[in-house]
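**Q** I'd like to go over a predicted model; first the sequence, then the structure.
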Amino acid sequence: MSVTREVMELEAPGLLRRLTRIDWGWAVLVVGATLYTLIAFGARMDGYQIGTLIVSAAGGTWLGRFWKPFRTYAVIVALLSLFGLWRYGGELASADGDFFLKYLVSGQSAVMWMCALFFMSTAAYFAGLFARSDFTLRVGSALTWSAATFGLAGLFVRWRETYLTNPEWGYIPVSNLYEVFVLFCVITGLMYLYYEGRTRNRAMGGFAMLVVSAAVGFLLWYVFDRGAHEIRPLVPALQSWWMKIHVPTNFVGYGGFAIAAMLGVAQLLRNRAERVKPQGLLATRLPSSVVLDDLMYKLIAVGFAFFTIATVLGAMWAAEAWGGYWSWDPKETWALIVWLNYAAWLHMRFSKGWRGAPMAWWAVIGLFITTFAFLGVNMFLSGLHSYGEL
Amino acid sequence: MQDQTAQTARPHRSTASVLLEFLGSMNLAITLLVALAIASVIGTVLQQNQPYTGYLIKFGPFWHEIFRGLGLYDVYSAGWFMFILVFLVTSTSVCVWRHTPAMLRDMRHLRTKVQEKSLRGFQHQVEGEVQQAPKAYLAEAAAVFARQGYRTKIEDHGDHQVLAAMKGGASRLGYLLAHVAIVVICVGGMLDSKLSLRIAELAGQLKIETRNVPATEVPAISRLGSGNPSFRGSVEVPEGGAANVVFLSVRDGYLVQELPFRIEVKEFRVEHHSTGQPKSFESDLVIHDPDLPEPLERTIAVNHPLVHKGIAIYQASFGDGGSLLDLGIWMLDGRAVTPFTMQGRVFDSYPLETPDKTYRLELMNFSLFNVRPTPTDDGGTDLRNMGPSFTFRLREATGEAREYENYMTPVMQEGRLFFLSGVRESPAEPFRYLHLPAGPDGTPARFVTLLAYLNNPVIVDAVIEQTAAIAFDQATNADPEARAQIIASMKRLVGLFAAGGYEAIAREVETHTAPERVEEVAGIFIRVLHTALQGIYMQVLAEEGIDAPSEADQVFLEDAAITIGALPFYGSPFLFQLTGFEHVEASGLQIAKAPGQNVVYLGSLMLIVGIFLLFYVAQRRYWVWATPTATGTRALLAGSSNRNVMEFEQEFAGLSRRLLPADVARDAP
Ligand code: HEM
């Protein structure tokens, strides 16, 4: 019987016949929501915004078909965000008296939930790995999904909060270091979940979530020590359409590089374990070197592709804001350094066929370079990119 | 490169082909990528294009010369950096040029001339028997491949037949696009770079201007005509003013670029949020161009430039356009208690005299809003507008100068008001702030009066005599000698204090006392000094009509005493108080002509498309080698893919089950 099924798969029926009822339902939902937005708010949107909405709708439809669990995720995020907006009404002050806002869905509360859930998911993944418990690993996945849900919903609610704080300030929250850290956690979490689904192996979850937990740790310090979550107006240079697509694109890149580095760590540990303790946990439970190697490549490839787009978008933004698409400003230059580094990595893999430990080490070093480009430049070097100074 | 076709070894190769091979080699490519990355790191770690004096102070004359010689202050236009870039472009071009023919062939060509032996060597291959005759079998197989999106070709070799199938040739196209894109981007970037200026400079046709002179006085050798195809510079235009040149900064100097039109700034506006942070910068421009029937009026803002004749005008910054400042000048040398007043314009300088020195006051800047993070009570920070401030330099006759930054309104600290004045020796340092307590009338008058009294021997002597008299009247055994001694030392202490604050007294104690008694003696001195200060302060208060000092008055004296101690470090005999201003703003415009921009964008687009094709299109090839047997056909299926091995394996497994159903068990690993 299995033969015929394979044959069926290979016969490749037309696209329309392959779509299930859920696929249709999803498309209708996305299109419906888009149309509603256009009808209700279209008059207040400019060309850029309408274009962005339509492209996002198309992207969302495609993503939902390509990666099924994304649909459930998107629906829950939407419901949670709408719930938050509904609790606010039109008053920022609602947050003081409302139980749900205070403890669940105000931007900051949702982000705090995200932080807690990411810590828990990291712990669950590691517990599952060490206790050889598939159930615990599945709990890890569920926690990661929940964390990503709260994080994204938190950003959506915060978007509204910026307007409630002061209608003139309102902006899409991808503009300061606090917001981009939340974005990083969400995107990295989701990217990891995608690859987890593809490889059906949860054993590497702890490693991937470790880097997210580190980001969460930084975020918490930033909130409690510096009050980073307070909403402030944007300086004029950041009030740009380019910026809003430049930043999220960049974070797909950073997310890819970060997970790749952690897979590199997993691979190095596994290599060592194979030598030292071939029957041990790491050598038997972690995915094989070949799988890790392939995944690492895929993540760096995806990261590199998006990082390239982000850099180009950044150049276009710079052209509009500073009068030059490339100024050799430290942030730009470090983006170039990161990019060159991964270009060299990819060349090594493809043309020299390098695999295994050297590439794993290189991916780990790559993460340090990336982190410097992302954080270090703001802390230690001065330049035109003034957002998010520490 | 996985494709070996280009690399057939030849016994005798010409120098040119060796050179080409080197230029197009992967090792060189990676070396260049890494070299570029390292050079870029240098450029970010060392702050670029700062004033040379700053570097000189930071690195010392020896290293300064070396760094300057290596072009490290402007890495990205240094000759060696350009050399790396040119090398990279050459290498990439050679690489593309060498690989293109093979790539194109590889993209289109279905290789039907294969060896059975080499197919057996494939990692993915499987062999089996089917009942159909070879022709019919291959025709069916071709249909299966076609449904998967493969191009196929069947060739009859007599004793056997071969089917070749391929898809994903675009992956090769991706390679071409991505690499040509690098060349395109670099060429576009070079069109817009300072390379041509550099060449003109080396050829002696251009000289960098380093003097600070008006644009009209810059000689022709430092000017660029309006025909210059690419430039990027900036100019500040005060409201109501106009500019027909921009300044291109080059290393420690600049060049003057003439514009084919005149830009007038009618009005410049900064809008502020309620927090005082800027919300938007806008300039109303009028372009006066002889080619236009009438002047062009446009408003530009940050992120919303104006492009005219291929020249883009951006709102980049803002500054002072020569504001008129009303200043009250208070003497900090105790020579006068009332301020004298003057009016000055930002960017102008004025002579100032004290009986023993002459100074020049150079007004540098005025800024209306100063939003600074200030600590709040609950431990966080808040952004607060500190109000107007101005900066100036006070230059002595010797040429030495210090820089000051004074705030107009006193700031509240712990419930008291202070005038803030920052001072620094060089622009590279941060300001250190003098906190000068404001009197109850909100002016420095009380502090300055106290200083004057402290420096006035008549008043000091009288107060001390009086204080001593009271003290000795109360004491029973009045010894005239002791009394004179105490009065003398009190006077000395006050004198020391007036000149050098508490520090001078501490120094005095340390040099004249045995170490174990320092603390004790210092305690006595301070008590004595305070008695005298209190006496002098009472005179100041009496002048204001106050007999009984309140607690606030008392705190004022403590603050004043600390400030007096800091005055020697302040280094100015004047305190400039801003009392009024007429704000004139200037709009900072960045003006650029970048013909390479669209080339760079085109290259970027090619790069992105190329990278996606490279990463997400896998080039897969299959071969079916069919030989007739008595009962049908013996078929060998082999395949390879350059990407996505896991997906390929699935596909291969599926195809082998479909094409060789009977032989599933003989799957190759
Ligand atoms: C800034 C410069 C360069 C960048 C960003 C760049 C980027 C890339 C990328 C992204 C790939 C794809 C890796 C893959 O196959 O997945 C690649 C492949 C390759 N590059 Fe470059 N490259 C650069 C310069 C060069 C130069 C100078 C050479 C020539 C010496 C070169 C030779 C190659 C070759 C031979 C491949 C393999 C193509 C294949 O077999 O698929 N690259 N490059």
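**A** Yes, it's here.
**Q** interface residues of chain B facing the ligand?
**A** Counting by C-beta under 6 Å from any ligand atom, the residues of chain B close to the ligand are B:1-2, B:24-26, B:29, B:33, B:91-92, B:95, B:175, B:178-179, B:182, B:611, B:614-615. All C-beta spots, glycine's among them, are computed from the backbone N, C-alpha and C.
**Q** what comes up buried for the helix ranked longest in chain B?
**A** The single longest helix within chain B, with elements called by DSSP state H, is helix B:480-512. Within helix B:480-512, the residues scored as buried using 16 or more other C-beta atoms under 10 Å in any protein chain shown are B:483, B:486-487, B:490-491, B:493-494, B:496-498, B:500-502, B:504-506, B:508-509.
**Q** so after that helix, what's the next helix or strand?
**A** helix B:518-543 (DSSP states H and E).
**Q** what packs against the helix or strand that contains residue A:193?
**A** Using DSSP H and E, residue A:193 falls within helix A:177-199. The contact analysis (3 or more C-beta pairs under 8 Å, 6 or more residues apart in numbering or on different chains; DSSP states H and E) places helix A:177-199 against helix A:69-88, helix A:107-130, helix A:134-165, helix A:205-226, helix A:241-276, helix A:289-321.
**Q** change it to 7 Å
**A** helix A:107-130, helix A:134-165, helix A:205-226, helix A:241-276, helix A:289-321 (3 or more C-beta pairs under 7 Å, 6 or more residues apart in numbering or on different chains; DSSP states H and E).
**Q** of all these, which one is nearest residue A:63?
**A** Nearest to residue A:63 among the helices and strands packed on helix A:177-199 is helix A:241-276; the distance by C-beta to C-beta comes to 12.2 Å.
**Q** can you tell me if that closest one touches chain B.
**A** No. On the criterion C-beta under 7 Å from any C-beta of the partner chain, helix A:241-276 is out of touch with chain B, staying 8.2 Å away.
**Q** pull out the buried positions in the helix or strand following that helix.
**A** Sequence-wise, the next helix or strand downstream of helix A:241-276 (DSSP H and E) is helix A:281-285. For helix A:281-285, the buried set under the neighbour-count rule, 16+ other C-beta under 10 Å, comprises A:282-283, A:285.
**Q** domains of chain A?
**A** With automatic domain parsing as the criterion, the domains of chain A are listed as A:1-66, A:89-388.
**Q** for the ligand, what's the nearest residue on the stretch 401-550 of chain B?
**A** Proximity of the stretch 401-550 of chain B to the ligand (C-beta to the nearest ligand atom) peaks at residue B:428, 36.1 Å away.
**Q** err, the stretch 51-200 of chain A, not the other one
**A** Closest point on the stretch 51-200 of chain A to the ligand, by C-beta to the nearest ligand atom, is residue A:195, at 17.9 Å.
**Q** how about that residue, nearest residue that isn't a chain neighbour?
**A** residue A:295 (5.9 Å; C-beta to C-beta, 6 or more residues apart in numbering or on different chains).
**Q** residues near that neighbour, how many?
**A** Other residues lying near residue A:295 total 23 when counted by other C-beta atoms under 10 Å in any protein chain shown.
**Q** that one reaches residue A:196, doesn't it?
**A** No. In this structure, residue A:295 is not within contact of residue A:196 by C-beta atoms under 7 Å, at 9.9 Å.
**Q** so who does residue B:424 touch?
**A** Residue B:424 is in contact with B:402-403, B:430-432, counting by C-beta atoms under 7 Å, 6 or more residues apart in numbering or on different chains.
**Q** low-confidence stretches in the chain?
**A** Since no chain was named, I'll use chain A. For chain A, applying pLDDT under 70 flags the ranges A:1-18, A:380-390.
**Q** ah, no, chain B please
**A** For chain B, the stretches with pLDDT under 70 are B:1-12, B:276, B:375-382, B:471-478, B:662-669.
**Q** is the top strand by length along it anywhere near chain A?
**A** Longest strand of chain B, by residue count under DSSP state E: strand B:253-272. No. Using C-beta under 7 Å from any C-beta, strand B:253-272 stays clear of chain A, with a minimum separation of 9.1 Å.
**Q** what is that strand packed up against?
**A** strand B:223-224, strand B:231-238, strand B:242-250, strand B:278-288, strand B:311-320, strand B:585-593.
**Q** buried residues in that strand?
**A** Buried, per 16+ other C-beta under 10 Å, within strand B:253-272: B:253-257, B:259-261, B:263-265, B:268.
**Q** angle of that strand against strand B:231-238?
**A** Interaxial angle, strand B:253-272 versus strand B:231-238 (axes from the mean of the first three to the mean of the last three C-alpha atoms, to 10 degrees): 50 degrees.
**Q** any chance of JSON lines for the buried residues of helix A:281-285, columns distance to residue A:25?
**A** Listed next are those as JSON lines, based on distance: C-beta to C-beta, whole Å:
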{"residue": "A:282", "distance to residue A:25": "42"}
{"residue": "A:283", "distance to residue A:25": "44"}
{"residue": "A:285", "distance to residue A:25": "38"}
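**Q** for residue A:74, state which of these is nearest.
**A** residue A:285 (31.8 Å).
**Q** can you get me a residue count around the closest residue to that closest one other than its chain neighbours?
**A** Nearest non-adjacent residue to residue A:285, counting by C-beta to C-beta, 6+ apart: residue A:203, 4.8 Å away. For residue A:203, the neighbour count with other C-beta under 10 Å is 23.
**Q** now do the SS call for residue A:203.
**A** coil (DSSP: H, G, I helix; E, B strand; the rest coil).
**Q** alongside chain B, which residues does the stretch 201-350 of chain A contribute?
**A** So far as C-beta under 7 Å from any C-beta goes, the stretch 201-350 of chain A lies against chain B at A:227, A:232-233, A:235-237, A:239-240, A:294, A:301, A:304-305, A:308-309, A:312, A:319-326, A:328, A:330, A:333-334, A:336-337, A:340-341, A:343-344, A:347-348.
**Q** I'd like to know how far the residue of chain B found nearest the ligand sits from residue B:176.
**A** Here the residue of chain B nearest the ligand is residue B:95; by C-beta to the nearest ligand atom that distance is 2.7 Å. Distance from residue B:95 to residue B:176, counting by C-beta to C-beta, to the nearest Å: 10 Å.
**Q** tell me which of those two has more neighbours.
**A** More neighbours surround residue B:95 than the other of residue B:95 and residue B:176, with 22 against 19 (other C-beta under 10 Å).
**Q** residues in contact with the more buried one?
**A** The contact partners of residue B:95, taken as C-beta under 7 Å, 6+ apart, are B:24, B:29, B:179.
**Q** ok, now with 8 Å
**A** By C-beta atoms under 8 Å, 6 or more residues apart in numbering or on different chains, residue B:95 lies in contact with B:23-24, B:29, B:179.
**Q** need phi/psi at it.
**A** Per-residue torsions, residue B:95: phi -60, psi -50 (degrees, to the nearest 10).
**Q** Three-state assignment for the closest residue in space to residue B:221 that isn't next to it in sequence, please.
**A** Excluding the flanking residues, the one nearest residue B:221 by C-beta to C-beta, 6+ apart is residue B:207, at 4.6 Å. Under three-state DSSP, residue B:207 falls in the coil class.
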